[in-house]
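[1] let's see this in three dimensions:
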Amino acid sequence: NMQRTELVCVYRNVNEGGKTIVQEKWIEPGDLVPGELLVLEAGDKIPADIRIVFCTEGAEVDNAALTGESLPEARTVEVEGEGVAVHEAH
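    Next up, the predicted model:
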């Protein structure tokens, strides 16, 4: 779970009258469920297991708390090659 008290913006599929629609919601970080899309801004803290599906060029993530790396690491939405471990993906 995220160690944060601020609300996060997510997109959830909601069933209304037999139709599935995508709805923007602001929720507590502890209420996140697998598969939700988050809208992030610079400086946001995110779960360690989040998958990036879109980001601007030059996006970086500070993994210091997880890996001890002193510098932010670049992130992209490119698919890693087969056999690349999740913890080695960029």
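
[2] what distance do you get for Gly68 to Asp62?
    11 Å (Cβ to Cβ, to the nearest Å). All C-beta atoms are positioned from the backbone trio N, CA, C, and that covers glycine.

[3] which of those two has more neighbours?
    Asp62 (14 against 7; other Cβ atoms under 10 Å).

[4] pLDDT of stretch 78-89, averaged?
    Stretch 78-89 carries an average pLDDT of 69.

[5] now the strands for the protein?
    With DSSP state E as the criterion, the chain has strands at 8-16, 19-27, 37-39, 60-61, 73-74.

[6] which pLDDT value belongs to Pro47?
    So Pro47 comes in at 69 (pLDDT).

[7] who's in contact with the residue sitting furthest away from the middle of the chain?
    Centroid-distance maximum for the chain: Gly17 at 29.7 Å, with Cα atoms, centre = their mean. Counting by Cβ atoms under 8 Å, 6 or more residues apart in numbering, Gly17 makes contact with nothing.

[8] got the buried residues for stretch 19-34?
    Neighbour-count burial for stretch 19-34 flags 29, 32 (criterion: 16 or more other Cβ atoms under 10 Å).

[9] next up, the contacts around the residue nearest to Ala74 when sequence neighbours are not counted.
    Spatially, and ignoring its direct neighbours in sequence, Ala74 is nearest to Glu60 (5.6 Å; Cβ to Cβ, 6 or more residues apart in numbering). By Cβ under 8 Å, 6+ apart, the residues touching Glu60 are 72-75.

[10] let me know the closest of the residues you listed to Tyr11.
    Arg75 (19.6 Å; Cβ to Cβ).

[11] please report the distance of the closest one from Glu69.
    In terms of Cβ to Cβ, Arg75 sits 13 Å off from Glu69.

[12] those two: who's more crowded?
    Arg75 (16 against 12).

[13] tally of neighbours for the closest residue to the more buried one other than its chain neighbours?
    Distances taken as Cβ to Cβ, 6+ apart put Ala59 closest to Arg75, at 4.7 Å, once the chain neighbours are dropped. For Ala59, the count of nearby residues is 16 (other Cβ under 10 Å).
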